[in-house]
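# Sequence first, then the predicted structure, then my questions.
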Amino acid sequence: MRNLLNFLARYNNLIIFLFLEGIAFYLLSTRNNYHNTRLVNSVRGMTRGIEKKINSTKSYLSLHDINANLAAENVALKNSIAKLVRRESSLFFSVDDSVYKQQYLHTSTEVIENSIDRQKNFFTINKGENQGIKVDMAVITANSVAGVIVGCSKNYSVAMSLLNLDFKLSARIKSNGYFGSLSWDGRDYRYAILSEIPQHVLVNVGDTIETTGYSAIFPEGEIVGTVSDYEKFGGDFYKITILLMTDFKKLHFVDVIGNMKKTEQLQLEKLIQ
Amino acid sequence: MINSILRFGLIFILLILLQVLLFNNIQFSGYVNPYVYIMFILLLPIEIPSWLLLLLSFATGLIIDFFSGSPGMHTSATVLAGFVRPYVLRIVSPRDGYESGSDPSMLIYGFRWFFSYTLLIVLVHHTALFYLEVFRFADFFRTMLRVLLSSLFSMTFILLIEFYRRGK
């Protein structure tokens, strides 16, 4: 007994140290689980008020850019409405139910917390389950791909940014349709890597890269970026550096996209496998 | 006693605010990020009991983790820094030892002492932090580069703050 007490007295620092590190590693390992971002969510609840204040100041400072973007987006939308109206009038019949052919549902949200300087970046948006946001929905900005929702609370959601080592996306070269896997290598927030494009394919600097619809998360044809550099990697494939279209440093208003036919597609695919 | 609790409480709050409001929003060239809050661990009195030092490190790391949404990462790195601090103090101790009841400040022990003391602890902290963040040994040398660059920036800011403190 005395030996034990002596032992404890002698190594008490080490024991406290190991105990505290144990707690820290427990937190760390539960966080690292891809699907267990609920923890991040609940912890963020405490600091969200302050983050909101910081963010509202930042958004005030960038109002000019945001206005310009909105104006440009308005013009694009007006143009597409004009096209649709023309097409609609040439049809023989009109269908009252406008939902039947709609596959993707857009919700506009605001980013209230964002990071680009870590290896695993997440951002928080100001809508959640109450507004119909669910896990695994796609997040895009006006121009291009931004991330995927990984956790939702009542009024907030956390999205995994494209700037995350765990983020994988099926993307293709627009001009010839060859697809590969897009990921971020943790170096520069402006560039990502497209791999698994075979070497017989013709690749040019400046080629547009867009999403495929294969994953049932992102709609087909959302722009990711342009080819900025490519090199042969191993014997069979290219390693293509993509200049991302999204400026993650200025991420502010994003759209969340829900795929309304996702369950149908997944069920069918499951049935066949 | 009460006086020094108040003083360190104030330093604690100031450093956390500085880190969260200012330094968490600064990125040099994409991924170099200064972590200045570790200065709190550096400034605690030399004769502080080790268990208190460890608990304070734990609390500091946990609060920073709350604000950066990364539970566990800063906590474990800061606890490690708190654990090695007594050993570092022993390594860099001046020839005639430490004065009893003094704080580890540049004013008392000089620039060279403070520099090496800060460098060792910042390196330990940043190494643990960045390797825990990546959590893999692929790109080992790139992570090392990040550690060194970020340490450089953290050191710069910590020394600047210390100079300012001395100036007052």
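Cool, got the structure.
# all contacts plus neighbour counts: C-alpha atoms, from now on.
Will do.
# For the chain, which segments count as helices?
By default, I'm working from chain A. With DSSP state H as the definition, chain A shows helices at residue ranges A:2-10, A:12-32, A:38-61, A:63-89, A:262-272.
# right idea, wrong chain: chain B
Going by DSSP H, chain B shows helices at B:2-17, B:39-43, B:50-68, B:73-91, B:106-109, B:111-134, B:140-167.
# Looking at those helices, which one is packed in the most?
Counting by mean count of other Cα atoms under 10 Å in any protein chain shown, helix B:73-91 has the highest mean neighbour count of those, with a mean of 22.
# Just the mean pLDDT for that helix, thanks.
Averaging pLDDT along helix B:73-91 yields 92.
# Where does pLDDT dip in chain B?
Segments of chain B classed as low confidence (criterion: pLDDT under 70) are B:27-31, B:136, B:166-168.
# residues in it within reach of chain A, list them.
Along chain B, the residues adjacent to chain A under the rule Cα under 8 Å from any Cα of the partner chain are B:21, B:27, B:30-33, B:50-51, B:54, B:58, B:66-67, B:69-73, B:75-76, B:79-80, B:83, B:133-134.
# make it 7 Å
Counting by Cα under 7 Å from any Cα of the partner chain, chain B comes close to chain A at B:27, B:30-31, B:50-51, B:54, B:58, B:66-67, B:69, B:71-73, B:75-76, B:79, B:83, B:133-134.
# residues near the closest residue to A:Ser115 other than its chain neighbours, how many?
Once flanking residues are discounted, A:Ser115 sits nearest to A:Asn121: 5.8 Å by Cα to Cα, 6 or more residues apart in numbering or on different chains. Using other Cα atoms under 10 Å in any protein chain shown, A:Asn121 has 22 neighbouring residues.
# So for A:Asn121, what's the pLDDT?
Looking at A:Asn121, its pLDDT reads 86.
# Quick check, it in contact with A:Leu165.
No. Between A:Asn121 and A:Leu165 there is no contact under Cα atoms under 7 Å: 8.3 Å.
# who touches stretch A:158-174?
The contact list for stretch A:158-174, computed with Cα atoms under 7 Å, 6 or more residues apart in numbering or on different chains, reads A:41, A:116, A:119-125, A:146-152, A:178-186, A:189, A:207-212.
# for stretch A:225-242, same thing?
Contacts of stretch A:225-242 (Cα under 7 Å, 6+ apart): A:191-199, A:205-209, A:243-245.
# ok, now stretch A:111-124?
Against stretch A:111-124 from outside (Cα under 7 Å, 6+ apart): A:51-52, A:55, A:125-126, A:156-161, A:163-165, A:186, A:189, A:248-249, A:251-254, B:27, B:30-31, B:133-134.
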